[in-house]
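Colleague: structure, please.
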Amino acid sequence: MRLNRPAAWLVLLTCPWLAQADIITPRVFDIVPPEGREVQWVDGYTVLRQPGEKFGAVVSFIPESGLTAWVPVAVLNTSGKSLKVKQKDIRAHYGESPLKVYDNKGLVHDATRRRREMLAYSQHDAEGKTLDDLVAPNRSLADGLREGDQRGNVSDSRGSRGSRVGDTSRQDGSSDAREAQRLADAQLEALKERLFRDTEIEPGRFSRGEVRITLPPRRDDAPTEFVLTLDFGGEQMPILFRERDGSRVDVGEPVSPDAPETSEG
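Modeller: Just a heads-up that it's a prediction; the model follows:
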């Protein structure tokens, strides 16, 4: 019997640990190869190497949570002409419903906001400074990310604050605050390097990166599936993903600290 909406909300409200586990616990999807093709196992995950007429692709799966995942994609130009690839030409769907493929700019914007919040929190005890003062040294980086080139490289960005990007001398915070800034900068740079970028691939060359997607809701009657489609140079390459049996972790019933211990024998 399927819960109606009010009853389902009641379950989530009375058992918040259940809802949180369902969201946080990563889900694992394996690639289902087309007929006549095979997948390889690499570090416990399936990897598909699939050729095409204009491009070949290597695709895998990285679990993140019960709601989202990352899909690494490497594209090889197998044609005799340059090939333009764009993130927006990577789509996902289950059934007739689309799945969100996260936009790079949105991901970088959210990471930049979290970076500011982290720095502000780490420096909140800087005497005589307002929150606006604390985040001021970091605005130039965010501006550069919005105005920079497609690789997100802000080293050449200019402006009234462009030369102060990464200048820690403007901050009088503690060593912990400076370490927090270095960590936040490293995380942001790592994200930018991770993303699948819009680019033009010359013949025989390749480009690679990752896209973040939402996952479909779980099915009760069959394994959950979704399709990721690469569409470059007018050629489409659909890849079928199927949720691994047992990929969901059962956290079990909560145990009361006052529950009596049991012994065997």
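Colleague: CA atoms for contacts and neighbours, from now on please.
Modeller: OK.
Colleague: who's in contact with the residue nearest to Ala69 when sequence neighbours are not counted?
Modeller: Sequence neighbours aside, Pro63 is the residue nearest to Ala69 in space, at 4.8 Å (criterion: Cα to Cα, 6 or more residues apart in numbering). Pro63 sits next to Pro26, Arg27, Val28, Phe29, Ala69, Trp70 when contact means Cα atoms under 8 Å, 6 or more residues apart in numbering.
Colleague: what of Ala69?
Modeller: Contacts of Ala69 (Cα under 8 Å, 6+ apart): Phe61, Ile62, Pro63, Arg212, Ile213, Thr214, Leu215.
Colleague: which strand residues bridge the second one?
Modeller: Pointing back at Ile62 there. Using DSSP bridges, the bridge partners assigned to Ile62 are Trp70.
Colleague: neighbours around it, how many?
Modeller: A count of nearby residues for Ile62, using other Cα atoms under 10 Å, gives 19.
Colleague: over to Asp110?
Modeller: 13.
Colleague: quick one: it is in a helix?
Modeller: Yes: Asp110: assigned to a helix according to DSSP: H, G, I helix; E, B strand; the rest coil.
Colleague: got a pLDDT number for it?
Modeller: Listed pLDDT for Asp110 reads 87.
Colleague: relative to Glu117, how far out is it?
Modeller: 11 Å (Cα to Cα, to the nearest Å).
Colleague: can you check Pro72 too?
Modeller: Relative to Glu117, and taking Cα to Cα, Pro72 is found at 29 Å.
Colleague: which parts of the stretch 101-250 of the chain are helices?
Modeller: 104-122, 131-147, 175-194 (DSSP state H, counting those that start in this stretch).
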